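**Student:** I need the structure of the sequence given here:
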Amino acid sequence: MTSTQNLMPDTVLLVDDLSVHIASDAGVVQAVENLSLAIQRGQTFALVGESGSGKSMTALALLRLLPDAGWIESGMVHLGERPINSLPEHEMRRVRGGQIGIIFQEPSTSLNPVMTIGQQLMEVLRAHTPLRGRALTDRAVAWLDRVGIPDAARRLNDYPFQFSGGQKQRIMIAIALAAEPRLLVADEPTTALDVTVQAQILDLLADIQREMGLAILLITHDLAIVRQVADYVALMRAGKVLVTQEVDAFFASPGHEYAHELLAAVPGLEKRGRPLSGVAVARDGLLQYPSVAAQTDVSTPVLQVSNLSVAYRRKDGLFSGAPRGIEVVKDVSFTLHKGETLALLGESGCGKTTVAKTLLRLLDRDARIGGSALLDGQNLLAARGAQLKRL
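**Tutor:** Residues are numbered from 1 along each chain as shown. I've put the predicted structure just below:
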């Protein structure tokens, strides 16, 4: 299956005996060891493992984006029948984005903060498609709309900081798919998304996969997603693939003891209130787990937020034509006491992160802020100078 002589007609990606080394202070580390896999057209192949197992390093090796201290020690990578290990860099640039798209797991560090999202999306389309002028803009708007960005035509001119974490992840997905590549490398593509939007994105990827015959290499630690979308799964640990199975077989009868351990660690209602690992103490014949509950002080609030409203300024910094700007937070109030944990819940883009940034006074120049916020009785929103530094 991993020999180019036996390459199937629908094989999009063939990785044969790939090894990646990284130079570190402790010496040379083998980040990926003798990895082999094949992905067919229209297939989703999941590479699963804990943090540090070599999943993301595999993705970077496929696109020749390894850090300066890393290199491919041995093995071959074929895109269809074309070996891409030895391509000169100017040809590899045409492969990246055009033939292989990638969704990075942290959109905040992948999007350019001083370019609008429209500029970044059209940059890909301009490099890998013949579209120009109005057709270029229309295609960019269509992709933003397709990945669920509301009012896509207007928001094309907004900057990354004006979007929530989940929305930035959706923008990254649009950029990765804009040129309609043959292979999508999805490195934790739903990490920043709430469960509702996560389901929408997975459905979106499935629809596009069916339309385009897209092959997907899904890199994740989320076994629930693997079970939902993958055709094959390879379990990776310490740079090595321990087992590769069809997804149904993997969950029915894992082919490695480590896979059993991972499946046993998946949270369930029967484990509610207990740690996934740790020491239980036997008392009166029953296993009891340590409590982590803190004592709540219901007297004076630590944080008291009243009628908080936040509206982002428009691109020109003015509110002309929109007196209240782009409203993100509207009349939010809550109180938090010592020892309490307050959960602020909602879908991506609903304003949760904006509330946090506002309380940290990180949006003073970018937004109009109303309401009040008291921290131990001191006015957070009006504090200046030394007082603000202390707070």
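
**Student:** gap between Ala343 and Asp16?
**Tutor:** If you measure Ala343 against Asp16 using Cβ to Cβ, to the nearest Å, the figure is 48 Å. In this view, the C-beta of every residue, glycine as well, is placed from N, C-alpha and C.

**Student:** between the two, who's got more neighbours?
**Tutor:** Asp16 (19 against 5; other Cβ atoms under 10 Å).

**Student:** Surely the more buried one touches Ser74?
**Tutor:** No - assessed by Cβ atoms under 8 Å, Asp16 is found out of contact with Ser74, at 9.7 Å.

**Student:** what about the stretch 201-350 of the chain, any weak spots by pLDDT?
**Tutor:** Low-confidence segments of the stretch 201-350 of the chain (pLDDT under 70): 267-298, 314-324.

**Student:** show me what contacts Ile219?
**Tutor:** Going by Cβ atoms under 8 Å, 6 or more residues apart in numbering, Ile219 touches Ala46, Leu47, Lys55, Ser56, Thr58, Ala59, Val185, Ala186, Asp187, Glu188.

**Student:** Which of the three states applies to it?
**Tutor:** Classification of Ile219 by DSSP: H, G, I helix; E, B strand; the rest coil places it in strand.

**Student:** likewise Pro254?
**Tutor:** Per three-state DSSP, Pro254 ends up coil.

**Student:** Measure how buried it is and give me the count.
**Tutor:** For Pro254, using other Cβ under 10 Å, the count is 19.

**Student:** again with Val114
**Tutor:** Residue crowding around Val114 was assessed by other Cβ under 10 Å; the count is 7.

**Student:** Now do the closest residue to it other than its chain neighbours against Gly118, distance only.
**Tutor:** Excluding its sequence neighbours, the residue lying closest to Val114 (Cβ to Cβ, 6 or more residues apart in numbering) is Tyr159, at 7.6 Å. Distance from Tyr159 to Gly118, counting by Cβ to Cβ: 10 Å.

**Student:** what does His90 give?
**Tutor:** His90 is 26 Å from Gly118, by Cβ to Cβ.

**Student:** where do the helices sit along the stretch 201-350 of the chain?
**Tutor:** 223-229, 247-252, 257-264 (DSSP state H, counting those that start in this stretch).

**Student:** Asp203 is nearest to which of those helices?
**Tutor:** Among the helices of the stretch 201-350 of the chain, helix 223-229 comes nearest to Asp203, with 9.5 Å by Cβ to Cβ.

**Student:** Report the buried residues of that closest one.
**Tutor:** For helix 223-229, the neighbour count (16 or more other Cβ atoms under 10 Å) marks Leu223, Ile225, Val226, Val229 as buried.

**Student:** what does stretch 257-270 give?
**Tutor:** Buried residues in stretch 257-270 (16+ other Cβ under 10 Å): Tyr258, Ala259, Leu262.

**Student:** Which residue comes closest to Ser164 once chain neighbours are left out?
**Tutor:** Gly349 is the one closest to Ser164 (Cβ to Cβ, 6+ apart), at 4.5 Å.

**Student:** Cool, thanks, signing off.
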